[in-house]
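1. Give the three-dimensional model of this entry:
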Amino acid sequence: MVTASYAPDFERCQLLCETVDRHVTGMGHHYILVEHRDVALFRQLETSNRSVIDERDLLPKWLHAFDDPLSLFRRRIWLSSKTMPLRGWHVQQLRRIAIAGHAGEDILVFCDSDVVFLKPFDCAAFRQGNKVRLFRRDDALLAGGHDTHLAWSRNAARALGIASPATSPHDYISTLIAWRRQSVLDMCAHIEATHGRHWIEVIGADRRFSECMLYGRFVDEVIGGRGHFHGGQEFCRVHWTGQPLSDAQFAAFVADMMPGQVAIGMQSFIGTDLAQIRRLADA
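-> So this is what the prediction gives:
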């Protein structure tokens, strides 16, 4: 299991770890990926099967993090001569890709730090024989209102050297999904062979990218789905946007979880009270 996080989400990540330990089986190891300055804080979460990984051990030395003066030093920015200026959420995506060169497990299960497991979950759900489950919401982008997703899809095509179609009709973005580690390594090698540059240079040339869209299009359109099977069921119900939920709204959100959903994700930037989430997790 792989979780990218940062200091403001530490308590949420701590709750994730508690619920993973309580409910998740079939997991070999849990990797938490953080910026260098957050390593000491997150070390508190380490156990015999949980490690905190410094991004300096994953990303090229030419990519440097700074306090951003344009945000009055409240936000971080990653700068280099090889990419566009990148924000934390961009670099979290790069870490998720780069962990494939560090981890030893065959399957990488990605889980955001603002996710909480409420029910038992066996990671074997991501495997059928020798194949790994690729999350894909078929034809989801054919409807209107997906301009951002379509931009991510176009840039995935550019990075992967897919001349046509420029966009895919499918959405590959969710939390609690799995990738085949060797396929991630193959994807990075393919990008570098196509462009003659480091894969981060290619992806980071445009800030409108999604690691999920990139991996999904690579699997489906570059390697023809080899080693994967498709699944459209979401194991985690996520509150993506909007306002913090009242107690009644939160209870309704949980009650409306679909069969097979085992976790909830409350996007931390929305500001849902962590104590409210913990009460539910501890119930």
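2. going forward, measure contacts and count neighbours with C-alpha atoms only.
-> Fine.
3. From A252, how far out is the residue nearest to A4 when sequence neighbours are not counted?
-> Nearest residue to A4, sequence neighbours excluded (CA to CA, 6 or more residues apart in numbering): L33, at 4.5 Å. Computed with CA to CA, to the nearest Å, the distance linking L33 and A252 is 32 Å.
4. I figured R50 was touching H29, is that so?
-> Yes. Between R50 and H29 there is a contact under CA atoms under 8 Å: 5.8 Å.
5. returning to that earlier point: what about the residue nearest to A4, neighbour count?
-> 25 (other CA atoms under 10 Å).
6. That one: what secondary structure?
-> Look at L33: counting by DSSP: H, G, I helix; E, B strand; the rest coil, its state is strand.
7. before we move on, what about E234?
-> E234 - assigned by three-state DSSP - is coil.
8. is it true that it touches Q261?
-> Yes. Contact criterion CA under 8 Å: E234 and Q261 qualify, at 6.6 Å.
9. residues in contact with the residue nearest to A4?
-> V2, T3, A4, S5, V52, I53, D54, E55, Q92, R95, R96 (CA atoms under 8 Å, 6 or more residues apart in numbering).
10. Can you name the residues bridging to it?
-> A4, I53 (DSSP bridges).
11. For W240, see how far away it is.
-> Look at L33 and W240: by CA to CA, they are 22 Å apart.
12. Then R22?
-> Between R22 and W240 the computed distance is 25 Å (CA to CA).
13. got it, and R75?
-> Taken as CA to CA, the span from R75 to W240 is 21 Å.
14. Now do the helices in this protein.
-> In the chain, the helices defined using DSSP state H lie at 10-23, 39-42, 88-98, 147-160, 181-195, 199-203, 211-217, 247-255, 274-282.
15. Taking helix 147-160 as reference, get the angle to the longest one.
-> With axes from the mean of the first three to the mean of the last three CA atoms, to 10 degrees as the basis, helix 181-195 and helix 147-160 are set at 70 degrees to each other.
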